[in-house]
Every structure is written in structure tokens, then in C-alpha cells.
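Q: Fold the following for me, if possible:
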Amino acid sequence: MSMYLPIAEMATNPFVIVFFGALVGAMSGLFGVGGGFLMAPILFFLGIPPSVAVSTEATQICAASVSGSLAHFRRGNLDVKMGALLVAGGLVGSTLGVFTFKWLITLGSIDLVIQLFYVVFLGGVGGLMFLESLQAMMRRRAGKTATHKRRHGFMHGLPFRTKFPRSKLYISAILPVAVGLGVGFLSAIMGVGGGFIMVPAMIYLLGMPTMVVVGTSLFTIIFVTGNNTLQHAWFNGTVDLVLAGLLLVGGVIGAQIGVRLSGRFNAEQLRILLALIVLAVCFKILSDLLVGGPPIQFSFREVAGHG
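A: From the prediction side, this is the model:
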């Protein structure tokens, strides 16, 4: 059985897409991450053009973030004022990213740039996550506990200082706007929500309490990825609604499985497992760039053509 993807201009087996959507959805429920930085590379491996993969993946992330942010809002774990500034920066950054995306399409370099972005960021994030998790496990065995102190450097002395009662902060409004700007730009180029960059920035750069970080991040991601989806569809024509529908079906199913499995592992084990998966994807993309194409891509295209 095959299904034609009109924007990707290729036929694929819908069950393969749903399966991988469920697999990444399970990882989202298991690890507590959006999963976009894993789903887009998987779509590359399945033969979906990177430009279509990153644009379409944003729709899945947007839908998932809506339910998550509502749940955190009901629990009081969402700083709406902080989120509004992050959204303001994120909308500008994502708009700049979409137009940069369009410019790279005209140059014929978009697929290469996307893959290079993934190699750099997945390699960096995966490596840091792996090292931090190993250190946490060593501290745990030694009976020590990790403490994260808020650092207040020159950035917190910037003008336009604003009170954020929910986060118990009094910092420059420029900081969250700048964080949103950077995350929005990367989100448009890479097709991710940006949570794997935004969450550490909110904790270590802005100094926000962990309890409000996830909800505020999801709130921001709704608007950033929604803006990405609309602008990619309008200006670049790279959003494939058929592919998005298949990913959503798989993601909903997989997320429930992941949540049930999450209680079987401790935090350090989960982070190391996620780090290894991220690094594996990074090395796979890098090897594809170096050798000129993944063997798995042809095998799945064959499945799509004869399934």
C-alpha cells in the first residue's frame, strides 16, 4: 500500500510514516521532549526532502504543544508574561528564519544547510547531555546532590528591567526577547520547536524556576511553530498536509506509550539513553553528508513504491 505526498512529490507507505511518528511520540512521552529534532532526521532517512520535512514537522509540534501548555496553565506552571516576551522575539526570529529558508531554496543550498545545522546542534546537545548525565550518575553513587545556582552577570544589568512575579525574577526584558529571537530562527530552519535549546536557556540564562520552564516553553512553541507552519506554507509551499496528518496519528499513539514506559527508568538513565539516540542520529546525518546518501533511504523508497 502506498500513499502519494503531493508536496514531497513522492509515494510512501503510510504505515511506515505512522510507525516512526509513533516511535518519536513514544520518545516524547518517555523523555519529556518535543521530538522534532529526531523526527525531521528520520524523515530525511525515509527519503522526504529536508525542506519539506522541517516545514511539515512544525505542524506536529504545534499541535502537541497546545495540549501540553494548557495542562501546565491549569496547574499554574506557566509564566504568561515571560512567555509573551519569548513569543514576541520568537515571531520575529521565525519570520527571519522563514525568509532565510526561502533565500537558501533559491540558492539550491537549503537541504545541505539543514543537515549541517542538525549535525552541529545534535552533536553539541547530545554530547553535553551525555557528559552531564554521566556526572549526575557519578554524583548519585557518591551520595552527592547537584545544585544549580542562578548566575547574574552583566546581562541581568541591561535596561528595561521588568518584574516577573510568577518566575520571581526582576530582569531585563531584552533577555527573553533575545532568547525567543534565536530559538525562533533555529525553529524555522530546523523544523523543531526549539525546546531542547530554549529550556536550558530559560534555566541557566534567564534564571527561571524549573517548575515554570516547561509550561512557558510549550506556550512559546505554540506561536513560534504556528507562525513557521503558516509562513512556510504561504511563502515556500513546503508544508505537506498529508504527511502532517500521518505524523499526528502516530505521535498521539506513541506519546501515550512513552508516558507509561517513563516510570521504569530513573532520570539519569533516561538522559543518557536520549543522548545516545541524539548522537546516533547526528553521526548518521554526518555519514550521509560524507558518503553521499543513506542506504536506508533507498530501502524505504523501495518499500514505499512496492508496499
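
Q: What helix or strand is Thr225 located in?
A: helix 210-231 (DSSP states H and E).

Q: What residues sit buried inside that helix?
A: For helix 210-231, burial by neighbour count (16 or more other Cβ atoms under 10 Å) applies to 212-231. Where you see a C-beta, it was placed from the backbone N, CA and C, and this is true even at glycine.

Q: any idea of the mean pLDDT for it?
A: Averaged over helix 210-231, pLDDT sits at 80.

Q: swap in stretch 182-190?
A: 83.

Q: Residues contacting that stretch, please?
A: 36-37, 40, 54, 58, 86, 89-98, 100-101, 113-114, 117-118, 121, 192-194, 197-198, 201, 220-221, 224-225, 227-228, 231-232 (Cβ atoms under 8 Å, 6 or more residues apart in numbering).

Q: Can you select the buried ones from those residues in PyMOL?
A: Command for PyMOL that selects the buried part of those, burial taken from 16+ other Cβ under 10 Å:
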select buried, resi 36+37+40+54+58+86+89+90+91+92+93+94+95+97+98+101+113+114+117+118+121+192+193+194+197+198+201+220+221+224+225+227+228+231+232
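
Q: on that earlier part again, who are the packing partners of the helix holding Thr225?
A: Packing contacts for helix 210-231, counted by 3 or more Cβ pairs under 8 Å, 6 or more residues apart in numbering; DSSP states H and E, involve helix 50-74, helix 80-107, helix 174-190, helix 195-200.

Q: A strand includes Tyr4, no?
A: Yes - assignment of Tyr4 by DSSP: H, G, I helix; E, B strand; the rest coil places it within a strand.

Q: where does the nearest residue to it once chain neighbours are set aside land in three-state SS?
A: Nearest residue to Tyr4, sequence neighbours excluded (Cβ to Cβ, 6 or more residues apart in numbering): Ala11, at 5.1 Å. On the three-state scheme (three-state DSSP), Ala11 is labelled strand.

Q: Need the per-residue pLDDT for Leu276.
A: pLDDT recorded at Leu276 is 80.

Q: follow-up on the earlier one: roughly how far out does the helix holding Thr225 sit from the chain middle?
A: In terms of Cα atoms, centre = their mean, to the nearest Å, the centre of helix 210-231 is set 10 Å apart from its chain centre.

Q: Now do that helix and helix 50-74, the angle between them.
A: 140 degrees (axes from the mean of the first three to the mean of the last three Cα atoms, to 10 degrees).

Q: Could you shift the numbering so residue one becomes 11, and keep it that way?
A: Yes, from this point I'll number from 11; that puts the last item at helix 220-241.

Q: Dump helix 220-241 to PDB, keeping only the CA atoms.
A: These are the backbone C-alpha positions of helix 220-241, laid out as PDB (Å, rounded to 0.1, in the frame of the first residue of the first chain):
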ATOM      1  CA  THR A 220      12.300  24.700  36.700                       C
ATOM      2  CA  MET A 221       8.600  24.300  37.700                       C
ATOM      3  CA  VAL A 222       7.500  27.000  35.300                       C
ATOM      4  CA  VAL A 223      10.000  26.400  32.500                       C
ATOM      5  CA  VAL A 224       8.300  23.500  30.700                       C
ATOM      6  CA  GLY A 225       4.900  25.100  30.600                       C
ATOM      7  CA  THR A 226       6.300  28.500  29.500                       C
ATOM      8  CA  SER A 227       8.400  26.800  26.800                       C
ATOM      9  CA  LEU A 228       5.400  24.900  25.400                       C
ATOM     10  CA  PHE A 229       3.400  28.200  25.400                       C
ATOM     11  CA  THR A 230       6.100  29.900  23.300                       C
ATOM     12  CA  ILE A 231       6.400  26.900  20.900                       C
ATOM     13  CA  ILE A 232       2.700  27.100  20.000                       C
ATOM     14  CA  PHE A 233       3.100  30.500  18.500                       C
ATOM     15  CA  VAL A 234       6.600  30.000  17.000                       C
ATOM     16  CA  THR A 235       5.800  26.800  15.200                       C
ATOM     17  CA  GLY A 236       2.300  28.000  14.200                       C
ATOM     18  CA  ASN A 237       4.000  31.000  12.600                       C
ATOM     19  CA  ASN A 238       6.600  28.700  10.900                       C
ATOM     20  CA  THR A 239       3.900  26.500   9.500                       C
ATOM     21  CA  LEU A 240       1.800  29.300   8.100                       C
ATOM     22  CA  GLN A 241       4.700  31.100   6.500                       C
END
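
Q: That helix to helix 90-117, inter-axis angle?
A: Using the same axes, to 10 degrees: helix 220-241 against helix 90-117 is 40 degrees.

Q: Distance check, the residue nearest to Tyr14 against Met13.
A: Separation of Ala21 from Met13 (Cβ to Cβ, to the nearest Å): 7 Å.

Q: And Phe245, by the same measure?
A: 26 Å.
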